[in-house]
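# got a predicted model here, sequence first, then my questions.
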Amino acid sequence: MFNALVMSKDEDSGKASASIKQIGLEDLPEGEVTVAVDYSTVNYKDGLCLSSNGGGLVRKYPHVPGIDFAGTVEASKDDRYKTGDKVVLTGWRVGEAHWGGYSQKANVRADWLVPLPEGLDARQAMAVGTAGFTAMLSVMALEDHGLQPGHGPVLVTGAAGGVGSVATAILAHLGYEVAGVTGRPETGDYLKSLGATSIVAREELNETVKRPLESETWSGCIDAVGGPMLARVLGQMKYGASVASVGLAGGAGLPATVIPFLLRGVNLLGIDSVMQPFDNRLRAWQRIATDLPMDKLEAMVHPAVLSDLPQLGADILQGQVKGRVVVDVN
Ligand code: NDP
């Protein structure tokens, strides 16, 4: 028997709530690989899955959330993995449609796993987690579209959050000037310690677009916020520059005009971490091991245990989590 954070639905109220339960291997969903989970984490989507209505993502209860985890293979029916291999999992709707990482053991498909790259342990991999992995995918997409250091500042929105913190540290390490947008001025020193060269107050960019083009300011952008802020940023991009659209912490709408695309050749790049093909996953994790300074990563980490998760889920939905939470499930 082992511990898992199980969400169960109360039939009368229709609301789901979490409790730590002892479950057995026979309770886990089917999967080719059984992983002894070392660490999981808390992403924005975990906040949704931990909420009383499952955020529209969880359809079936009882459910074990946790959209990512890192651990050690305990048993495998697939030739690609053997007992003792260190692995990481993000995406594939694990923790939403399939039971996830808030458990001491998980059963998953071999296709969903990535071997941990040299130089990264399970705790560091979850300090990165889906948020940091997505930040790396965004950096790669911007580079593939021509981003290079020395052409002006790169904007990171939602900078003190998980995606934003990792994006800031990677970009700074690669030699970019980074401007971090935050609604929490008290995180300024933290963002500078990660390598941000300037801080932009959220209010400066949160207003609806009045002029479709403003002065050309940013050579690239990683946007975790969406909504009116993304619309504003599009009009401030330099000629031919790209925005990686990652998140919707500020809204799913896009009250923009097409003018920045037509007159400045601005590119809007969609970033999806969930269905990302294996080769690109491997590339991103290898780049994380080389391009994310581990001392900066450590500065982002807040340790937690399974019993902290309900509160942390609510906190992240309120934009109150700074950096990355690492959950020791054992
Ligand atoms: P976090 O909550 O850690 O970060 C989001 C940050 O956005 C907050 O810390 C806050 O930063 C800022 N923010 C919050 N609310 C608002 C608001 N109303 N207006 C403007 N800014 C706001 O979440 P994650 O970093 O884990 O995820 C960020 C986003 O990326 C989420 O929307 C998530 O769903 C999405 N995501 C998408 C993925 C993909 O595959 N495309 C993968 C992973 C995440 P600050 O306090 O600095 O202003």
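Received the coordinates, thanks. Numbering: from 1, shown residues only.
# all the strands of the stretch 51-200 of the chain, residue numbers only.
For the stretch 51-200 of the chain, applying DSSP state E, counting those that start in this stretch gives strands covering 68-76, 86-90, 105-108, 113-115, 154-156, 178-182, 198-201.
# who does the fifth one pair up with?
Its sheet considered, strand 154-156 pairs with strand 178-182 (parallel), strand 218-223 (parallel) by DSSP bridges.
# which one of those lies nearest to the ligand?
Of all the strands paired with strand 154-156, strand 178-182 sits nearest to the ligand, with 3.3 Å by CB to the nearest ligand atom. Yep, even glycine has a C-beta here, placed from its N, CA and C like the rest.
# how about residue 52, what does it touch?
Counting by CB atoms under 8 Å, 6 or more residues apart in numbering, residue 52 touches 15-17.
# hmm, back to that, how about TSV for the strands paired with strand 154-156, with distance to the ligand and mean neighbour count added?
Below are the strands paired with strand 154-156 laid out as TSV (distance: least, CB to the nearest ligand atom, whole Å; neighbours: other CB atoms under 10 Å):
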stretch	distance to the ligand	mean neighbour count
strand 178-182	3	26
strand 218-223	9	28
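# for residue 73, find the nearest of these.
Ranking those by proximity to residue 73 (CB to CB) places strand 218-223 first, at 32.7 Å.
# name the nearest residue to residue 216, ignoring sequence neighbours.
residue 238 (4.3 Å; CB to CB, 6 or more residues apart in numbering).
# filter the contacts of residue 52 to the buried ones?
In the contacts of residue 52, burial by neighbour count holds for residue 16, counting by 16 or more other CB atoms under 10 Å.
# and the helices in the stretch 201-330 of the chain?
202-205, 227-234, 259-264, 278-291, 294-300, 309-317 (DSSP state H, counting those that start in this stretch).
# then the stretch 1-150 of the chain?
44-50, 122-144.
# make JSON lines out of these and add mean neighbour count.
Listed next are these as JSON lines, based on neighbours: other CB atoms under 10 Å:
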{"stretch": "helix 44-50", "mean neighbour count": "24"}
{"stretch": "helix 122-144", "mean neighbour count": "25"}
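# mind putting those helices into JSON lines with distance to residue 9 and mean pLDDT?
As requested, the helices of the stretch 1-150 of the chain are arranged in JSON lines below (distance: least, CB to CB, whole Å; pLDDT from 0 to 100):
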{"stretch": "helix 44-50", "distance to residue 9": "13", "mean pLDDT": "96"}
{"stretch": "helix 122-144", "distance to residue 9": "25", "mean pLDDT": "97"}
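# can you redo the ones you listed as a markdown table with distance to the ligand?
Listed next are these as a markdown table, based on distance: least, CB to the nearest ligand atom, whole Å:
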| stretch | distance to the ligand |
| --- | --- |
| helix 44-50 | 4 |
| helix 122-144 | 4 |
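# of all these, which lies closest to residue 68?
Closest among the helices of the stretch 1-150 of the chain, using CB to CB: helix 122-144, at 4.7 Å.
# compute the inter-axis angle for that closest one and strand 218-223.
Using axes from the mean of the first three to the mean of the last three CA atoms, to 10 degrees, the inter-axis angle of helix 122-144 relative to strand 218-223 is 140 degrees.
# run the chain-centre distance for helix 122-144.
The chain centroid and the centroid of helix 122-144 are separated by 7 Å, computed with CA atoms, centre = their mean, to the nearest Å.
# got the angle for it vs strand 68-76?
120 degrees.
# if we can go back for a sec, which among the helices of the stretch 1-150 of the chain is found nearest to residue 175?
Using CB to CB, the nearest of the helices of the stretch 1-150 of the chain to residue 175 is helix 122-144, at 12.0 Å.
# quick check: residues of the stretch 51-200 of the chain near the ligand?
Residues of the stretch 51-200 of the chain found near the ligand (CB under 6 Å from any ligand atom) are 130-131, 134, 158-164, 182-184, 187.
# nearest to the ligand among the contacts of residue 52?
Nearest to the ligand among these: residue 16, at 19.3 Å, using CB to the nearest ligand atom.
# which strand residues bridge that closest one?
residue 9.
# can you read off the pLDDT for it?
pLDDT, residue 16: 96.
# wait, isn't it in contact with residue 54?
Yes: the criterion here is CB atoms under 8 Å, and residue 16 meets it with residue 54 at 5.9 Å.
# got any residues that touch both of these two?
Applying CB under 8 Å, 6+ apart, one finds that residue 16 and residue 54 are jointly contacted by 7, 61, 63.
# what residues are up against the residue positioned nearest the centre of the chain?
The residue lying closest to the centre of the chain (CA atoms, centre = their mean) is residue 131, at 1.4 Å. Listed by CB under 8 Å, 6+ apart, the contact partners of residue 131 are 41, 43-44, 161-163, 166, 324.
# make TSV out of the residues you listed and add distance to residue 198.
Formatted as TSV, the contacts of residue 131 follow (distance: CB to CB, whole Å):
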residue	distance to residue 198
41	28
43	27
44	25
161	18
162	21
163	19
166	18
324	22
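# and which of those is nearest to residue 212?
Nearest to residue 212 among the contacts of residue 131: residue 163, at 26.7 Å, using CB to CB.
# residues near that closest one, how many?
Applying other CB atoms under 10 Å, we find 33 other residues in the vicinity of residue 163.
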